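[1] could you work out the structure for the sequence below:
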Amino acid sequence: MESLFSRTTVQFIAAYETLNFRIAAEKCLVTQPAITKSIKKIESDYNMKLFDKKGIKMYPTEFADDLYKELLDMRDTANSLRLKFESWHKGNSGHLNIAVGITLQSSEGFVNLISDINTKFPNVSLNIASMIKDASIPLLKNGNIDLWIGDISNLVEDEEFIKKFVRKIPLVIYTNKNNKLFKEKKITFSNLENKKWSLLLGGALIKQNSMYKSKTLDSITTQFKKNGIDIEKNLTTFSSPTALFASIKNNGNFAIAAKSLHSIAKNFNLREIDNIKVLDLDVGIVVRNKIADYKIIKFVIDSAIKKLG
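    Down below sits the predicted model:
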């Protein structure tokens, strides 16, 4: 109560409830003149009288009645919010909103992480959204999501967030496992000239905002151009691993996606070209500083490091 209201307001409530400045002073552990001073301050600030005296009895004015009711409503709302957040803090109830990058959304590690959260906090509802990191940061800032799990490469430091590195995940090249290239003793970049490409990048094509300066696509194209290949000439991008792998299942085209998705790629009769390194992504967790000490948030971070690392 005292942390929410000023000392003057607390003393008015005591005076209103007791209708006796001496008893109000005792409740507030102050002197009676202090109560009188607080009442006069409120009356001066609002230019309204709070109490009338009739003989030795004191009666609240209509303004005092309304003010008291408003303050009680504020106190009840504050207490309700406190109980709600304490419950969520401990993981006893509420909602946890997690945004996950497309490189992890279908990975075995992320699926196991969600299972762990459900087991540990059965009364907490999980809202999982697959989202590019450029879109996630503004939502983290305004509290619409609680955690971002995904590529934290090139993340600009921000005092509002805590960033936890989990692991590096390589981007690799996938193609049909029956591709005649696998008959070569060693596949090099020269074998990949004039091919059609598909990328699991999604947000990398979106103009970057001030928070993120992601250069994933630029880094990939630069790597290939160094080896004489311009993949942008014949490029299709996807935000779904299933759609990406389905698109190259029955042809000789090539896809670039996270190595962590290899189990899904196998379901589409695909194989990775493991001797050509494309790029390493820094995978981690970003959470608002304000909730980083919550029990449920600490659990998610620790579990993510174990399951994804």
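[2] pLDDT value on residue 4, please?
    Listed pLDDT for residue 4 reads 50.
[3] kindly report the same for residue 80.
    69.
[4] show me what contacts residue 108?
    Residues counted as contacts of residue 108 (CB atoms under 8 Å, 6 or more residues apart in numbering) are 260, 263. Every residue, glycine included, has its C-beta placed from N, CA and C.
[5] go on, residue 192?
    So residue 192 contacts 173, 229, 254, 276 (CB under 8 Å, 6+ apart).
[6] and for residue 282?
    Counting by CB under 8 Å, 6+ apart, residue 282 has contacts 151, 152, 153, 165, 168.
[7] just residue 274 next, same as before
    When contacts are counted by CB under 8 Å, 6+ apart, residue 274 touches residue 172.
[8] would you list the phi and psi of it?
    phi -80, psi -10 (degrees, to the nearest 10).
[9] ok, of the contacts of residue 192, which one's closest to residue 188?
    residue 276 (7.4 Å; CB to CB).
[10] remind me which residues of the stretch 101-250 of the chain are low pLDDT?
    201-215 (pLDDT under 70).
[11] tell me how far whichever helix or strand residue 35 is part of lies from the chain's centre.
    For residue 35, the element it lies in under DSSP states H and E is helix 32-46. Centroid separation for helix 32-46 versus its chain: 45 Å, with CA atoms, centre = their mean, to the nearest Å.
[12] returning to that earlier point: just the buried members of the contacts of residue 192?
    For the contacts of residue 192, a burial check counting by 16 or more other CB atoms under 10 Å picks out 173, 229, 254, 276.
[13] re earlier: now do the buried residues in the helix holding residue 35.
    34, 35, 38, 39, 42, 43.
[14] report the mean per-residue pLDDT for it.
    Averaged across helix 32-46, pLDDT comes to 93.
[15] right, and the helix or strand after that helix?
    Downstream of helix 32-46 (by DSSP H and E), the next one is strand 51-54.
[16] export that next one as CSV, just CAs?
    Taking Å, rounded to 0.1, in the frame of the first residue of the first chain, the C-alpha atoms of strand 51-54 are listed here in CSV:
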residue,chain,number,x,y,z
PHE,A,51,-14.1,16.6,6.6
ASP,A,52,-16.8,18.6,8.4
LYS,A,53,-17.0,18.8,12.2
LYS,A,54,-20.3,18.8,14.1
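[17] give me the residues contacting the helix or strand following it.
    For strand 51-54, the following helix or strand on the C-terminal side (DSSP H and E) is strand 57-60. Applying CB under 8 Å, 6+ apart, the external contacts of strand 57-60 come out as 16, 19, 20, 21, 50, 51, 52, 53, 68.
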